[in-house]
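Peer 1: this one's sequence-less:
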């Protein structure tokens, strides 16, 4: 509980690493992990993730943030966040009928492999209620039809906005409106069942079969108003052959989907993912 | 030199395997490898590749083909071909300035890992002449400009049509016309430097960088009149990160390109690849 | 339910494929999938897996087997088995405290991706009883101590011998005696948490960390009296780095273990795995 | 040519990152890449690789090193090295008859993908002389027999000791003595044709075939007096099947060997590899 993380992002310029390291050293924090990246040595964007140990972090956090703003943040015009591992992110999972991505997240979380607090599972179908209940997590059924979509999104926002730090679409088979994405007030991670940008949109496994590809994949990305176009966090593929029908592609793909989504959620919860334009930097 | 291969393709129907196996047994051939696939158990398309040993194959081949036509081929309305490993395929390689795919094929062939007879390398640039010469293979320089493309293709056809069994575009940076593909009279394999259908067309590594994908790939496919849309033979990918610029994507991608193309050419030369619609069956 | 499988194994000799195909054709069966392999074209061992469709298979199966013995099996001195997909294999799972391999098998089976009838889960610890109960499968707790091992194995044999077609050790942390393996009367599949033969025995993740390997893996193999030396069915690896401590190796390894074991069990249940000496042929 | 690298290694302790970053900032250097790792937050070993830009680096390097020793190095009891990308490492390649690893290194170097100065190729066989000559690199043939090994190593040391920064054994099929390794005075990288620690020693592909493994691999490691036991730099594997004989394992393995060795050499030449005990940290 004395482990904190500092994520920063700003225009690249000399002296950032020295300033941050000096600040932490002066405040008694010891750096235990440091990742750093610049998109270009001239006029690039700079990213840094620093994990540090500081005795009494929980009490010191507010002061640390205030001092950093004055001493470092404003000097370099940084975006930055301090987080403490003592406070795991609050996460809502949205799901429809497919259980594989949901169960993978619930199981890894229960097992202690994926540090987050799953506060609620929201679904437009009642099917997975018992599965979720067995993990002791609230399940909220909010049906969605073409006519009730706006109303349903209002109910979802009521439940989520301001109350969670992350929303995960674990094969939630509805498109979230731009309004929802704006108003929910936190990042939304989606898993798409293809190797984007190939086979964007619906029915990727059927399209993959028709095109005769030799590998299929899955893509975890931040949801944006442009469907399937948000910044990619993680992707992976698995080899298939002419012998695999669409059903087998779905089964093989489900394995890739759940591991790709779990990795993306884990990295996000560990403050490893930073976005710039439409790309992500994973530190 | 007593090893032959029989490739067949026809509408699926009962008794094909028995008829082929019976035919070969009666003619004294022993099956040493058999691959078989049907797209569907009802109304599917059937594919079979049979490798057999027959003492005195070279002399017997013509009789075998004639008998097969009468006894099996016509009965099942098959497309079929007999080949002998004693007669490797004659292959022409087309290339521009990038050497990596060309050298991989030349080196594997010289080393005995890729059984084919490379009869000529054709290029629209003179740059790789010395490299090719060191392998003792003829290099023909046929420049291509916008104005001379038709003329250049005529010269290429003069050199290739009827004289080779396969053309390999080893990063040949010109689009072959539908007329060329028709008149060359043999399959043409192309390597595309992306994981098709993602990033079809020119500049795939730049597009991949802009989209922020986490894997890049390469695709070997048969060239057709529809650019980058022909039947896929083989694909592979390699993991990249935000740290890799376009130049590094090109370097990493070059590794994937050469291994993917080499596998595709090898499978083709071993008569493993059969096409149906826009897909391939690899047996 | 009209789909059957015929697995054969014998000394390689001319005419086998023709004889089998002819037999099936004469009995009205249509081959829908055929895999075949010979270890050597001279004096090799021959393996064939044939999937066929036969209307009324369930009633015809006994006659088919009897005719095959007379007409084909005895002629080639074959080992062979006929199975019907209408009768899934009866499988017992043995487990200790780690749940990941067990849950993967239970979940895939429930989802319809892994066709078998899990008749019982046997454990030397009571910890996973509730998890198993939620799948509606009997859980039998048989504690094992150094002093009670023989007694415990008797109780296990009482439960399993003659009643199951396969035993899966899903991270069962006890060594089964040669006597147990002999008396249980069916194959036993084990998952070892390393890339065998590297790091055989106990504590492979610690050994892997100490040796500084860059990939860790898992191996599914048939259990034999020689610990960790039985025929390998499937293996896979995942990349690790100097940053991963032993705990992280265990977490990453757990993912590989469950997918490797699931594939091995699936292939076994589909009659794809044949053993010869200490190797397996997967058709 | 104004790009430098600073590699440091010492006992972990508060303030290292700040001290190094402060030093570089004060000397006008801008950090363009920083990798950092500690084996443990308490009593761990600390590693850092810093790439920096400094106008006029070549002239400033000597002063920079002297100042660093006084201001930072001695304070933390560091091992450290400064290098400049303007001075590529001098590399000798040792080889026997197999050409694949050698050609991969020569070709990548020629192409500009692998920044080093290959000063000489040493072989105990004359076979590859012409191949090496075509790259314009000196080839020295030093035969080795059981009786002349000591003498041969003396000749090799005469050629190499003090004249190169790295020796690469690119399938050099002789064991280098502990004396040679000590006296050559620079790191020696070896490629072993198996996934160590599996199948250490001679004939790994045959052993792999006999054990029936489903993946084969290669391992690049620093050579030490204990054969095949030195710190591992990189490993990779490729899937094989029962169909692959020993010859095919060798062919598939050769592909893995050359890419694994090339990556290891590249990382070493970029000062990314640091050793601690028998493990490597790759930054």
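Peer 2: That came through, no problem. Because the structure is predicted, anything quoted here is derived from the model rather than measured. Numbers count the residues shown, from 1 in each chain, chains lettered A, B, ... in the order given.
Peer 1: need the helices for chain A, in chain order.
Peer 2: A:16-26, A:57-68, A:74-76, A:100-111, A:129-133, A:149-160, A:178-184, A:204-211, A:246-269 (DSSP state H).
Peer 1: Including distance to chain D, mean pLDDT and mean neighbour count, could these go into TSV?
Peer 2: No exception for glycine: its C-beta is placed from N, CA and C like everyone else's. Shown next, in TSV, are the helices of chain A (distance: least, C-beta to the nearest C-beta, whole Å; pLDDT from 0 to 100; neighbours: other C-beta atoms under 10 Å in any protein chain shown):
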stretch	distance to chain D	mean pLDDT	mean neighbour count
helix A:16-26	4	95	22
helix A:57-68	14	96	15
helix A:74-76	13	97	14
helix A:100-111	24	97	21
helix A:129-133	34	97	15
helix A:149-160	36	98	16
helix A:178-184	34	97	16
helix A:204-211	21	96	19
helix A:246-269	15	97	21
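Peer 1: Relative to chain B, tell me which of those helices wins on proximity.
Peer 2: Evaluated over the helices of chain A, closeness to chain B peaks at helix A:204-211, with 5.8 Å, by C-beta to the nearest C-beta.
Peer 1: Close to chain C: what parts of the stretch 101-250 of chain A are there?
Peer 2: For the stretch 101-250 of chain A, the residues found near chain C under the criterion C-beta under 8 Å from any C-beta of the partner chain are A:103, A:107, A:111, A:113, A:134.
Peer 1: Surely the first one and residue A:134 touch.
Peer 2: No. Between residue A:103 and residue A:134 there is no contact, the gap being 10.1 Å when judged by C-beta atoms under 8 Å.
Peer 1: distance between the ends of stretch A:170-183?
Peer 2: End-to-end distance of stretch A:170-183 (C-alpha to C-alpha, to the nearest Å): 20 Å.
Peer 1: Can you tell me what sits against that stretch?
Peer 2: A:93-98, A:100-102, A:105, A:123-124, A:144, A:149-150, A:153, A:156-157, A:161, A:169, A:188, A:190-191, A:193, A:223-225, A:227, A:257, A:261 (C-beta atoms under 8 Å, 6 or more residues apart in numbering or on different chains).
Peer 1: Not counting its neighbours along the chain, what's nearest residue A:169?
Peer 2: In this structure, residue A:169 finds its nearest non-sequential neighbour in residue A:190, 4.3 Å apart by C-beta to C-beta, 6 or more residues apart in numbering or on different chains.
Peer 1: Around that neighbour, how many other residues sit close by?
Peer 2: 25 (other C-beta atoms under 10 Å in any protein chain shown).
Peer 1: State the distance from it to chain C.
Peer 2: 22 Å (C-beta to the nearest C-beta, to the nearest Å).
Peer 1: I'd assumed residue A:224 was in contact with that residue.
Peer 2: No. If you go by C-beta under 8 Å, residue A:190 and residue A:224 don't touch, sitting 9.4 Å apart.
Peer 1: which residues are common contacts for these two?
Peer 2: Contacts common to residue A:190 and residue A:224, judged by C-beta under 8 Å, 6+ apart, are residue A:230.
Peer 1: Could you tell me how far the residue in the stretch 1-150 of chain A that chain B sits nearest to is located from residue A:81?
Peer 2: The stretch 1-150 of chain A approaches chain B most closely through residue A:37 (6.4 Å), counting by C-beta to the nearest C-beta. From residue A:37 over to residue A:81 the distance is 17 Å, taken as C-beta to C-beta, to the nearest Å.
Peer 1: More neighbours: the two, which one.
Peer 2: Neighbour count, other C-beta under 10 Å: between residue A:37 and residue A:81, residue A:37 has more, with 22 against 11.
Peer 1: who's in contact with that one?
Peer 2: A:46, A:47, A:48, A:281, A:283, B:242, B:243, D:33 are the contacts of residue A:37 under C-beta under 8 Å, 6+ apart.
Peer 1: dump the residue contacts of the residue in the stretch 1-150 of chain A positioned nearest to chain C.
Peer 2: Taking C-beta to the nearest C-beta, chain C has its nearest neighbour within the stretch 1-150 of chain A at residue A:113, 5.3 Å off. By C-beta under 8 Å, 6+ apart, the residues touching residue A:113 are A:266, C:251.
Peer 1: got the phi/psi numbers for it?
Peer 2: Dihedral pair for residue A:113: phi -90, psi -10, per degrees, to the nearest 10.
Peer 1: pLDDT wise, what is it at?
Peer 2: Predicted confidence (pLDDT) for residue A:113: 94.
Peer 1: before we move on, what about the one 4 residues further on?
Peer 2: Residue A:117 carries a pLDDT score of 98 in this model.
Peer 1: these two touch, right, it and residue A:90?
Peer 2: Yes. If you go by C-beta under 8 Å, residue A:117 and residue A:90 touch, sitting 5.1 Å apart.
Peer 1: For the residue of the stretch 1-150 of chain A closest to chain B, list each beta-bridge partner.
Peer 2: Counting by DSSP bridges, residue A:37 forms beta bridges with residue A:47.
Peer 1: Which pLDDT value does the model give it?
Peer 2: For residue A:37, the pLDDT comes out at 95.
Peer 1: Can you give me the distance of it to residue C:127?
Peer 2: According to C-beta to C-beta, residue A:37 and residue C:127 sit 43 Å apart.
Peer 1: Show me what from chain A comes close to chain B.
Peer 2: A:37, A:195-199, A:210-215, A:217, A:231-237, A:241-243, A:278-282.
Peer 1: Please identify which pair of the residues of the stretch 101-250 of chain A next to chain C lies farthest apart.
Peer 2: A:113 and A:134 (18.1 Å; C-beta to C-beta).
Peer 1: Give me the neighbour count for residue A:194.
Peer 2: Residue A:194 has 26 neighbouring residues, counting by other C-beta under 10 Å.
Peer 1: Could you do residue A:174 as well?
Peer 2: For residue A:174, using other C-beta under 10 Å, the count is 15.
Peer 1: And for chain A, the residue most distant from the center?
Peer 2: Distance from the C-alpha centroid of chain A, by C-alpha atoms, centre = their mean, peaks at residue A:243 (34.4 Å).
Peer 1: per-residue pLDDT, it?
Peer 2: At residue A:243, the pLDDT value in this model is 95.
Peer 1: now swap in residue A:227 and tell me
Peer 2: For residue A:227, the predicted pLDDT is 86.
Peer 1: Tell me the spacing between it and residue A:274.
Peer 2: From residue A:227 to residue A:274 the distance is 23 Å (C-beta to C-beta).
Peer 1: who has more neighbours, the two?
Peer 2: Comparing residue A:227 with residue A:274 by other C-beta under 10 Å, the one with more neighbours is residue A:274, at 22 against 14.
Peer 1: Who does that one form a beta bridge with?
Peer 2: Beta-bridge partners, per DSSP bridges, of residue A:274: residue A:281.
Peer 1: got a list of what it touches?
Peer 2: Neighbouring residues of residue A:274 by C-beta under 8 Å, 6+ apart: A:7, A:9, A:47, A:49, A:280, A:281, A:283.
Peer 1: So residue A:156 is in contact with residue A:141, correct?
Peer 2: No. Counting by C-beta under 8 Å, residue A:156 sits too far from residue A:141 to count as a contact (11.4 Å).
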